[in-house]
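Undergrad: curious how this folds, go ahead:
(chains A and B)
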Amino acid sequence: MSLTITLPDGSKKSFPGPVSGSEVAQSIGQRLAKDALGIRVDGQLRDLTARIDRDAAVSIVTYKKRDGSVDPDALFLMRHSAAHVMAEAIQRIVPGAQLVYGPPLEDKFYYDIRFPDDRHLRESDFAAIEAEIAGILGENRAFTRYEEARDACLARLKREGNKYKLDNAERALAADPDAKLSFYATGEPGRNWEDLCRGPHVPSTGRIGAVKILSLASSYWHGDENSDRLTRVYGTAFGSQAELDAYIRQREEAAARDHRVIGARLRLFHIDETVGQGLILWTPAGSIVRKELQSFISAELRKQGYTEVFTPHIGRLELYKTSGHFPYYKDKQFTPFLEREDLDRLSSSGCTCAEMVNRVEGVSARLAAGINERTGTQTITPDRILPDDQLLGGFMLRPMNCPHHAKIFGSAPHSYRDMPVRLAEFGTVYRWELSGELNGMTRVRGFTQDDAHLFCTEDQVPAEIQGCLSLVKTVFATLGIKDFRVRVGLRDPDSDKYTGKRESWDKAEQACRDAARSLGVPFSEEPGEAAFYGPKIDFVVKDVIGREWQLGTVQVDYNMADRFDLSYTGPDNRPHRPVVIHRAPFGSMERFCGVLIEHFAGAFPTWLAPEQVRVLPISEKTNEYARTVEDALRAAGVRVSTDLGNDRIQGKIKAATDWKIPYLLIVGPRDAEGRAVSLRVRGVEKDAGSMPLDQFVDRIGREIAERRAELSVLTQ
RNA sequence: GCCACCGUAGCUCAGUGGUAGAGCACACCCUUGGUAAGGGUGAGGUCGCGGGUUCAAGCCCCGCUGGUGGCUCCA
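TA: Residues are numbered from 1 along each chain as shown, chains lettered A, B, ... in the order given. The predicted structure follows:
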């Protein structure tokens, strides 16, 4: 039976019967056959040796594509193969190390390994492992795939005593009972190292160009912290040592753009261990950036009809019991603080700690009944209900702003005519993040959300979601942020854990989709990712190291108004439940500014720059004129300073350049004479010519007022 | 929290058991120089904290603390 192979250029080749990928490559050309690393059969990546037994579209995977770029599939094959080689090397060095799972990633690979209790891996082992790897690559052993019948395979894995691999096989079979379990030998089956693996791989170890071990980490089996702890060994592989070196260099350069590095150098923020981990001290320079951003956002909010509120950073425990934040999310919160009198009374009566915790976390029968009745479900279970005289009060640092805002809404009557009510606050919240999760400004324990709660009628939900997204669009456009993605979290259609009516959800989900589409950036719909109380839209950006951070979110909430018994009067003169939309489109000022520092690499547009202009007198002879220039700019509201030091002008320029100041005004006798300034623009390594002082003041004023992204004084 | 690595001047870093160093930044002096570092002098340190080993510890050992990377993209 003959079969037809369609190649990427559309040409077809006929073969008398099943052929391997390498035979197809061979039939096209010697050179291609030599360079081939694998094949794609109808888009699916396979071994070069895989047999094709039906008509298919086939393309040969080589390291470099026609256009000279590296084929990601080739890197995938290479890294997956490198993971095997690394695992073999590690097992030689540490006998008894059990392999768990070793996939290729976007730019590296890892292998999760369970090491014997008495022999952990250290970075000092890397050199020996890399030497073993080099040896294996030099032997150029073929990756040899063979399949084994289900029962034989399971029996063999059991015999080998590696529960992790057995689990992998069982999971694969659970997903597809007809799946063929395959092994890959790095060389000859039975003689060389083997691993249960789905493949595919490069033809032989010699085809892996260069491998480097990057780092060690701890991980959990199946990502479950209650499960076995594993050691994760990260590495990467490239086609050549030069590319690997370039990758390492690029990682180092990215590290230099890290907001923590730039933030320290430009004195934008400070974290002090005595103040506490994950708590940001905004220094004067960073505070300017933040304040300017907040002013910008506030101005946009006013245009959209928001009203601003201020609320305190703490609230009574009862508030969070009502909202449901406590104790359900207690692991993510700072411990509540109790009143001194209560503590004294309890300690003198011999109260145990466990008992105290119970009394703090319990609720009164009255509160439980009220909430259960309003929400229509038993959200407060009987085991948490305690008699009033046993309950302990106290306060909590707030983990969210919504309870305070709900209370503001509830503090006055509302008519449908006044809806929606949009309460905005740059609200500071506190969350107990694991110490290992903390990261500069992007993961902290105290942060200020650009928060607002929109209390609206059900019909108003789509327009309000759209309003939130148009705000995001405006702000991102002004800042030139284009590289972000949007996640639309929808409900899992098979689950009934969600509150709110099905029709409401349908409408809100559609509104989220429509709004996301209107942004004109990629967005993904993710069923099952909605909160139990409503669908949501998240905005996600990448940092310089390639890590993703969620910035803002827009969430529809069908639950909160119930819990706080909020209502407005409808046209029928009866009370109605509002729908609440939580929205913090930029997430937190901390994370957002951290991302912005990296986005601009510290070179902020003029309106955001802590120091917008520095005046540099050529010598002391023009110090006085420099003061005149400084005064004129300051009077116009420009953030300006003057360098009166006794450096030469070259030195002053170097110093100012390090601070990434948008405009430098060099003033010497020539300028003083004609009330002019000699301009130097950030990023332009030369004298930008002279300009009348008044014109400069005028133009920079316009640039700042319009929040221009570009330094436009020369081009206006 | 868990695993690995790291913590020396404000910053970047050197210092393999024997009297704490460099560059930049800072202060002062000389220099008054037209577009990315003129020259000199000086000040600045509980070497993250606590314990131990040693005649002697920044260095070796233990504990703590803080930072960094990572903690599934299901064979």
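Undergrad: assign a three-state SS to residue A:294, would you?
TA: Secondary structure assignment for residue A:294 (DSSP: H, G, I helix; E, B strand; the rest coil): helix.
Undergrad: my read: it touches residue A:588, true?
TA: No: counting by Cβ atoms under 8 Å, residue A:294 sits too far from residue A:588 to count as a contact (11.7 Å). Quick note: C-beta positions are derived from backbone N, CA and C, even for glycine.
Undergrad: who touches both of those two?
TA: Counting by Cβ atoms under 8 Å, 6 or more residues apart in numbering, the shared contacts of residue A:294 and residue A:588 are residue A:450.
Undergrad: more neighbours: these two, which one.
TA: residue A:588 (26 against 15; other Cβ atoms under 10 Å).
Undergrad: grab the nearest non-local neighbour of the more buried one.
TA: Of all residues not flanking residue A:588 in the chain, residue A:447 sits nearest, at 3.8 Å (Cβ to Cβ, 6 or more residues apart in numbering).
Undergrad: so for the helix or strand harbouring that neighbour, what's the average pLDDT?
TA: Element membership for residue A:447, per DSSP states H and E: strand A:446-456. Averaged across strand A:446-456, the pLDDT comes to 96.
Undergrad: list the helices and strands that strand packs on?
TA: helix A:284-303, helix A:402-410, strand A:421-430, helix A:461-479, strand A:579-584, helix A:589-600 (3 or more Cβ pairs under 8 Å, 6 or more residues apart in numbering; DSSP states H and E).
Undergrad: quick one: is it near RNA strand B?
TA: No: using Cβ under 7 Å from any atom of the strand, strand A:446-456 stays clear of RNA strand B, coming no nearer than 12.3 Å.
Undergrad: how about that strand: buried residues?
TA: A:446, A:447, A:448, A:449, A:450, A:451, A:452, A:453, A:454, A:455, A:456 (16 or more other Cβ atoms under 10 Å).
Undergrad: nearest to RNA strand B among those?
TA: Among the buried residues of strand A:446-456, residue A:446 lies closest to RNA strand B (Cβ to the nearest atom of the strand), at 12.3 Å.
Undergrad: please parse chain A into its domains.
TA: A:3-62, A:73-254, A:285-307+A:398-600, A:613-705 (automatic domain parsing).
Undergrad: closest one to residue A:260 among these?
TA: domain A:285-307+A:398-600 (4.1 Å; Cβ to Cβ).
Undergrad: ends of that closest one, how far apart?
TA: 15 Å (Cα to Cα, to the nearest Å).
Undergrad: for chain A, which helix is longest?
TA: helix A:72-93 (DSSP state H).
Undergrad: what helices or strands is that helix leaning on?
TA: Packed next to helix A:72-93, using 3+ Cβ pairs under 8 Å, 6+ apart, are strand A:38-41, strand A:44-46, strand A:56-61, strand A:109-114, helix A:126-139, strand A:181-186, strand A:210-220, strand A:229-238.
Undergrad: buried stuff in the third one?
TA: Spelled out, it's strand A:56-61. A:56, A:58, A:59, A:60, A:61.
Undergrad: could you dump that strand to CSV, C-alpha only?
TA: The C-alpha coordinates for strand A:56-61 follow below in CSV (Å, rounded to 0.1, in the frame of the first residue of the first chain):
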residue,chain,number,x,y,z
ALA,A,56,0.6,12.8,6.1
ALA,A,57,2.0,16.3,5.9
VAL,A,58,5.6,16.0,7.0
SER,A,59,8.3,18.5,7.7
ILE,A,60,11.9,17.8,8.7
VAL,A,61,13.1,19.5,11.9
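Undergrad: quick one: contacts of that strand?
TA: Counting by Cβ under 8 Å, 6+ apart, A:3, A:5-8, A:21, A:24-25, A:28, A:32, A:36-43, A:45, A:52, A:71, A:73-74, A:77 sit against strand A:56-61.
Undergrad: which SSE is the residue nearest the centre of chain A in?
TA: Taking Cα atoms, centre = their mean as the criterion, residue A:549 is the residue nearest the geometric centre of chain A, at 1.7 Å. Taking DSSP H and E as the definition, residue A:549 sits inside strand A:548-557.
Undergrad: who are the packing partners of whichever helix or strand comes after that strand?
TA: Going down the chain from strand A:548-557, the next helix or strand is helix A:560-563, by DSSP H and E. With contacts defined as 3+ Cβ pairs under 8 Å, 6+ apart, helix A:560-563 has these neighbours: helix A:317-323, helix A:365-375, helix A:402-410, strand A:579-584.
Undergrad: tell me which residues of the helix or strand harbouring residue A:355 come out buried.
TA: Using DSSP H and E, residue A:355 sits in helix A:353-361. Buried residues in helix A:353-361, counting neighbours by 16+ other Cβ under 10 Å, are found at A:356, A:358, A:359, A:360, A:361.
Undergrad: switch those over to TSV; also include distance to RNA strand B.
TA: TSV is the format used below for those (distance: Cβ to the nearest atom of the strand, whole Å):
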residue	distance to RNA strand B
A:356	22
A:358	23
A:359	26
A:360	22
A:361	21
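Undergrad: so who does residue A:281 touch?
TA: A:269, A:270, A:271, A:272, A:275.
Undergrad: okay, now the unreliable bits of the stretch 401-550 of chain A?
TA: By pLDDT under 70, the stretch 401-550 of chain A contains no weakly predicted segment.
Undergrad: what does it put close to RNA strand B?
TA: So the stretch 401-550 of chain A meets RNA strand B at A:434, A:435, A:436, A:437, A:438, A:439, A:440, A:545, A:547 (Cβ under 7 Å from any atom of the strand).
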